[in-house]
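*Asks:* Quick one: sequence and predicted model below, then my questions.
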Amino acid sequence: MGEKKKKIIKTIKVDVDKCNGCRACELACSAFHAAPKYSSNNPARSRIRVIHEPLKDIYVPVYAGEYAKAECMGRDKYVIDGKEYDECSFCRASCPSRDLFKEPDSGLPLKCDMCQDDPDLKEPLCVQWCLNDALTYEEREEEVEEEVKQEDVEIGVESMIDKYGLEKVMETVARMSVSKKG
Ligand code: SF4
Ligand code: SF4
C-alpha cells in the first residue's frame, strides 16, 4: 500500500449539447503544445478532437487519454440519433488500431496533460477558448495513494521501444549523443 496524500483532481466537464463543432479547442491545444509555444497550430497535433456529424448537428469533443501499446480485445460502437459511428470513435486511447492522438510526424502518442505549465494556467487553453461553454474546468481535492506519474518523454520512449525494440532505440540514442557532443 502506498502513502496517502492530498491530490488536486482536475476535471473538464464536456456538455455535448453546447458544442457547435467550431474546433477552437483543437487549435488552442495544438498551439499551446507547439515548440516553440504558440509558433503553429495543427488540429492533427491536438490532444482534444471533435468528432463531427454536421448534418445531424452532433459534435463530440474527445480528450486524448492513456497510451495503449496493443489494441483492446473488444470494440465499442456508438449509435447517436440513428447515426452509427465507426468503431472506437469515442475512445480516448492512443492505440495501434488508428491514427487518432498520434503526433503526425513522429507517430508518438499524444495525451492531454491539462496544459501543465509553470506557473499553472488559470484554466486549460481549450476551456478558455471554448466560447460556447461546452467545456468547464473544475478542481477538487481528494486523498489518494501516491502514484508514480509517467512523464510525456517516458511514454514517448516506451512507444518507440514497442515499435522498434529496445536494442534499436538504445543504438540510436547512443549514436545521436555521440554526434551531438561532436
Ligand atoms: S471550442 Fe467548444 S464549441 Fe468549439 S468545438 Fe471545441 S468544445 Fe466544441
Ligand atoms: S486541457 Fe490542455 S492539453 Fe488537454 S486538450 Fe485541453 S488544451 Fe489540450
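*Replies:* Good, I have the coordinates. Ligands and ions are numbered 1, 2, ... in the order given.

*Asks:* So which residues on this structure come close to ligand 1?
*Replies:* Neighbours of ligand 1 within the chain, by Cβ under 6 Å from any ligand atom: 19-25, 50, 59, 61, 129-130, 132, 134-135. Yep, even glycine has a C-beta here, placed from its N, CA and C like the rest.

*Asks:* my guess is Leu131 contacts Ala24, does it?
*Replies:* Yes. At 7.0 Å, Leu131 counts as touching Ala24 under the criterion of Cβ atoms under 8 Å.

*Asks:* Please identify which of the residues of the chain next to ligand 1 is nearest to ligand 2.
*Replies:* Cys25 (6.4 Å; Cβ to the nearest ligand atom).

*Asks:* who are the neighbours in contact with that closest one?
*Replies:* Contact analysis of Cys25 by Cβ atoms under 8 Å, 6 or more residues apart in numbering lists Ser46, Ile48, Val50, Pro61, Leu125, Cys126, Trp129, Cys130, Leu135.

*Asks:* Show me which pair in the residues you listed is furthest apart.
*Replies:* Val50 and Leu125 (14.8 Å; Cβ to Cβ).

*Asks:* so what does the helix ranked longest in the chain touch, helix or strand wise?
*Replies:* Criterion DSSP state H: the longest helix present in the chain is helix 166-181. Packing partners of helix 166-181 (3 or more Cβ pairs under 8 Å, 6 or more residues apart in numbering; DSSP states H and E): helix 152-164.

*Asks:* buried residues in the helix it packs on?
*Replies:* Using 16 or more other Cβ atoms under 10 Å as the burial criterion, the residues of helix 152-164 that qualify are Ile155, Gly156, Val157, Ser159, Met160.

*Asks:* Check stretch 85-94 too.
*Replies:* Within stretch 85-94, the residues that count as buried by 16+ other Cβ under 10 Å are Tyr85, Cys88, Ser89, Cys91, Arg92, Ala93, Ser94.

*Asks:* Just checking, which helix or strand succeeds whichever helix or strand Ile12 is part of along the chain?
*Replies:* With secondary structure defined by DSSP states H and E, Ile12 is part of strand 4-14. Counting by DSSP H and E, the next helix or strand C-terminal to strand 4-14 is helix 24-32.

*Asks:* quick one: that following helix to strand 4-14, angle?
*Replies:* 130 degrees (axes from the mean of the first three to the mean of the last three Cα atoms, to 10 degrees).

*Asks:* quick check, distance from helix 24-32 to the centre of its chain.
*Replies:* Per Cα atoms, centre = their mean, to the nearest Å, the displacement of helix 24-32 from the mean C-alpha position of its chain is 12 Å.
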